[in-house]
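**Student:** Next input, structure requested:
(one chain, ligands or ions: 8)
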Amino acid sequence: MSTLIRTSGLLAALVSCASSVRATTDYLIVGGGTAGLALANRLTEDPRTSVLVLEAGGDGLGNVNISSLALVGAAWGTDIDWKFPTEPLPNGVSRGVVSRGKVLGGSSAINGAVFSRGDRRDFDLWAAAGNPGWATSDVFAASFKSEHFYPPPANWSIDYVGRDHGYDGLIPTSYGNPAPPIQQDMIASVVNYGGSHSKDLAGGHVDGMAWITHSRLPSNQTRATSATAYYFPFSYRKNFKVSLYSQATRIIWKSTGDGNAVAAGVEYVDKSGATHVAKASKVILSGGVWGSPPILERSGVGNKTLLNSLGIKSVVDLPGVGEHMTERPIIPMYFALNTSLPLAAPSPLLMNLESLQETFAEGGDIAKLESLFVKPDNMAEPVFNIHKTLYNERAAWFEGYTLPINQAGQPTIIAWYAGLGRPLSSGSVHINSTDGLAYPLIQYNWWNSEFDVYATAVAAQRIQNITSTPPFSDWISARIAPPASVVTLDDFIAYVPVSAEQGNHPVGSAVMLPRKDGGVVDPNLKVYGTANVYVVDASIIPAEPSGHPQAVVYAIAERAAELFKSRN
Ligand SMILES: Cc1cc2nc3c(=O)[nH]c(=O)nc-3n(C[C@H](O)[C@H](O)[C@H](O)COP(=O)(O)OP(=O)(O)OC[C@H]3O[C@@H](n4cnc5c(N)ncnc54)[C@H](O)[C@@H]3O)c2cc1C
Ligand SMILES: *[C@@H]1O[C@H](CO)[C@@H](O)[C@H](O)[C@H]1NC(C)=O
Ligand SMILES: *[C@@H]1O[C@H](CO)[C@@H](O)[C@H](O)[C@H]1NC(C)=O
Ligand SMILES: *[C@@H]1O[C@H](CO)[C@@H](O)[C@H](O)[C@H]1NC(C)=O
Ligand SMILES: *[C@@H]1O[C@H](CO)[C@@H](O)[C@H](O)[C@H]1NC(C)=O
Ligand SMILES: *[C@@H]1O[C@H](CO)[C@@H](O)[C@H](O)[C@H]1NC(C)=O
Ligand SMILES: *[C@@H]1O[C@H](CO)[C@@H](O)[C@H](O)[C@H]1NC(C)=O
Ligand SMILES: *[C@@H]1O[C@H](CO)[C@@H](O)[C@H](O)[C@H]1NC(C)=O
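**Tutor:** Ligands and ions are numbered 1, 2, ... in the order given. Model prediction:
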């Protein structure tokens, strides 16, 4: 970053006048990430529709850290990771760096590749919160459209439900290896401790422990990204253009009057530091949770007070920009086994989802939990109503997922992460400068809700109890984390805030909600107060789905393509 020329707003405007201006394209998509390339693919199915994608990173071709799922994590901290700094947490612990993909495919190129859709009820509540067209039937149909499911071989001992998957999509989903006995024992211990075994969570009934797919080609076990699935095989399309190493800084307006700002295009900086403008009929921001809100803010769309304090002229006063963001903290629990297992990485993944009521039936004070279930100040009323309804319906809330970690010559470690399906604490992302290339400020605000601390502590203690239950308990030689001193619920309550790691599931920083509720985009994903600016990425998600977000992001892109096509 430091080698790039940093231009002030004024200087950038002058430079852009002097530099080359591209011909107008129909859709300009900022960000060739998970959502951006999926949307670009669907729009360019019509050869009359032209799309230009601006991507800040390169193409990632030949990078084994992307293609090999055995190397998940290797890409973090390398040059295909944005490495956003976070603000210190309220407890004073700095979490350092937030990973996000800076390469074609975006975060789908560096993530854990877990493909899970969430609970059906999540999406009916998106619709009920004021977003017609985003009910379960709409979102699940769009999600099925993105998926090409490869069932596991019959002798792999993996349960699945064929009708709960899509088969005509571009993202291959599959399981890596036959189920090893130890993981079958994990399921047995969950059941023995009073939990349940679900045959598949992909149909949106998400209670119980089940096998989960990854976005992966079964033929050679390589990762599928939005670039490998939605772009590279289609790059021959003349109407599908991608400009690499092109970092968008702000929207250029044609007119800003009458509460209906019209975008002319987008200003961006190339690899040499030169500034350009790309013109378009429609501007679509797909820069991700940390990428899209800063572009709006630098363009004058956001909290007027905040923007004025930075010397930015307000174009649309939209205080929800950058707010309402939730990121799921997770508590890692590591168990050393009595043996080194000959597991190919990544081994099959198990995911365990339970309602809080189910979890609390064993331990924890449900009345206390009830009393802690209060709306945080910065949470929109309709979003809290989503949470409350799901709580009352006993929808899955506690999320655990487990995977074996093999290190050469070491006993296998089983990681079992405890997290909340739907945390109440919410944070923000805002610019701190008019510098188009500066990092934004990321505030997680974890543990602002006491509910989150208490519920996470009970979930973590429950995992402790499940792993102490046969037959899985027989495999464990030692618990590595939390330390042996963490035993009682009070111990876990003290341990949770200081041991949490990022779940890497941030959503909701340019949220789809009615404008009066702090919404940034309407149900057509158009930014309020603008004529032709849209957001299509994880930023629009109103409330954390009870699953991993990438499948939801692909569904959002597929749904957005349907909406754009139906209007043309
Ligand atoms: C480490 C990690 C692990 C994860 N594990 C999982 C998992 O196992 N399962 C799961 O479902 N989800 C997982 N996620 C989350 C999931 O990957 C994301 O929710 C999803 O990919 C987000 O998609 P997106 O389109 O919103 O953003 P991204 O995919 O991040 O795309 C944004 C794109 O925009 C580009 N961009 C940003 N700003 C600009 C700009 N100004 N100009 C030009 N281009 C720009 C970026 O370079 C990037 O390519 C993980 C995420 C991370 C980071
Ligand atoms: C892959 O990851 C490793 C470990 O982080 C890093 O050293 C290496 O440079 C990366 N490779 C590429 C091509 O970026
Ligand atoms: C499953 O069957 C195939 C084909 O007969 C065989 O090669 C493979 O080893 C079997 N796998 C397991 C886990 O039994
Ligand atoms: C894996 O298979 C896909 C599809 O056949 C192919 O495009 C890709 O190059 C292969 N990758 C590797 C690393 O073999
Ligand atoms: C807008 O920004 C100001 C200044 O940072 C802040 O005090 C105020 O709470 C913000 N408004 C909203 C609705 O977030
Ligand atoms: C875990 O087990 C301990 C000891 O039996 C018990 O006190 C506690 O309530 C259990 N907690 C949960 C969440 O199941
Ligand atoms: C935010 O901006 C202020 C004022 O310019 C500066 O002091 C501060 O260091 C910035 N914070 C970050 C995290 O960049
Ligand atoms: C480890 O424990 C499992 C489960 O009890 C058992 O089947 C296995 O034989 C043990 N392995 C070793 C090396 O002790």
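**Student:** ok, so what distance separates the closest residue to Ser355 other than its chain neighbours from Val206?
**Tutor:** Leaving aside its chain neighbours, Ser355 sits nearest to Arg394 (4.1 Å; criterion: CB to CB, 6 or more residues apart in numbering). All C-beta atoms are positioned from the backbone trio N, CA, C, and that covers glycine. For Arg394, the distance to Val206 equals 12 Å [CB to CB, to the nearest Å].
**Student:** Compare neighbour counts for these two and give me the winner.
**Tutor:** Between Arg394 and Val206, counting by other CB atoms under 10 Å, Val206 is the more crowded of the two (29 against 13).
**Student:** quick one: contacts of the one helix or strand His148 maps to?
**Tutor:** Using DSSP states H and E, His148 sits within strand 147-149. If you take CB atoms under 8 Å, 6 or more residues apart in numbering as the criterion, strand 147-149 is touched by 115, 162, 165-174, 213, 551, 554.
**Student:** Count the neighbours of Ser157 for me.
**Tutor:** Using other CB under 10 Å: Ser157 sits among 15 other residues.
**Student:** On the pLDDT front, check Val15 for me.
**Tutor:** At Val15, the predicted lDDT confidence score is 36.
**Student:** do the same with Pro346
**Tutor:** So Pro346 comes in at 59 (pLDDT).
**Student:** what do you get for Asn131?
**Tutor:** pLDDT, read off for Asn131, is 97.
**Student:** Look up phi and psi at the closest residue in space to Lys102 that isn't next to it in sequence.
**Tutor:** Residue nearest to Lys102 in three dimensions, not counting chain neighbours: Gly57, with 3.9 Å by CB to CB, 6+ apart. With angles defined as degrees, to the nearest 10, Gly57 sits at phi -100, psi -170.
**Student:** Same check on the one 5 residues further on?
**Tutor:** Comment: the main-chain dihedrals of Gly62 come out as phi 80, psi 0, following degrees, to the nearest 10.
**Student:** Repeat that for Gly419.
**Tutor:** Per degrees, to the nearest 10, the backbone of Gly419 is at phi -150, psi 170.
**Student:** what's the neighbour count on the closest residue to it other than its chain neighbours?
**Tutor:** In space, and not counting its chain neighbours, Gly419 is closest to Ile330: 3.9 Å by CB to CB, 6+ apart. Close neighbours of Ile330, defined as other CB under 10 Å, add up to 22.
**Student:** what sits up against the helix or strand hosting Ile330?
**Tutor:** Ile330 belongs to strand 329-337 when elements are defined using DSSP H and E. Strand 329-337 is touched from outside by 182, 405, 411-420, 423, 444, 446-447, 452, 456, 459-460, 463-464, 467, 475-482, 495-496, 499-503, with contacts defined as CB under 8 Å, 6+ apart.
**Student:** strands paired with the next helix-or-strand element following that strand, and their directions?
**Tutor:** Toward the C-terminal end, the helix or strand that comes next after strand 329-337 (DSSP H and E) is strand 349-355. Next to strand 349-355 in the sheet, as set by DSSP bridges, lie strand 208-215 (antiparallel), strand 396-405 (antiparallel).
**Student:** How about the first one and ligand 4, any contact?
**Tutor:** Which is strand 208-215. No - applying CB under 6 Å from any ligand atom, one finds strand 208-215 separated from ligand 4 by no less than 13.2 Å.
**Student:** what mean pLDDT does the strand holding His148 have?
**Tutor:** 98.
**Student:** hmm, that strand in reach of ligand 1?
**Tutor:** No - using CB under 6 Å from any ligand atom, we find that strand 147-149 stays clear of ligand 1, coming within 12.5 Å at best.
**Student:** could you point out which element follows that strand?
**Tutor:** Assignment by DSSP H and E places the next element after strand 147-149 at strand 171-174.
**Student:** Go ahead and measure how far that following strand is from the middle of the chain.
**Tutor:** 18 Å (CA atoms, centre = their mean, to the nearest Å).
**Student:** Same check on stretch 560-568?
**Tutor:** 23 Å.
**Student:** buried residues in it?
**Tutor:** Ala560, Ala561, Glu562, Leu563, Phe564 (16 or more other CB atoms under 10 Å).
**Student:** Now do the same contact list for the fourth one.
**Tutor:** Pointing back at Leu563 there. Counted by CB under 8 Å, 6+ apart, Leu563 has contacts Gly133, Asn524, Leu525.
**Student:** same question, the last one
**Tutor:** Taking CB under 8 Å, 6+ apart as the criterion, Phe564 is in contact with Tyr27, Leu43, Lys282.
**Student:** Can you check these and name whichever has the most neighbours?
**Tutor:** Leu43 leads these on contacts (other CB under 10 Å) with 24 neighbours.
**Student:** Just the pLDDT for the residue of the chain found nearest ligand 1.
**Tutor:** As assessed by CB to the nearest ligand atom, ligand 1 sits closest to Gly33 within the chain, at 1.8 Å. On the pLDDT scale, Gly33 is placed at 98.
**Student:** and if you look at the one 3 residues further on?
**Tutor:** Gly36 carries a pLDDT value of 99.
**Student:** Give me the neighbour count for it.
**Tutor:** 34.
**Student:** same thing with Asn392?
**Tutor:** 10.
**Student:** measure it to ligand 4 for me?
**Tutor:** 46 Å (CB to the nearest ligand atom, to the nearest Å).
**Student:** What of Ile541?
**Tutor:** For Ile541, the distance to ligand 4 - CB to the nearest ligand atom - is 30 Å.
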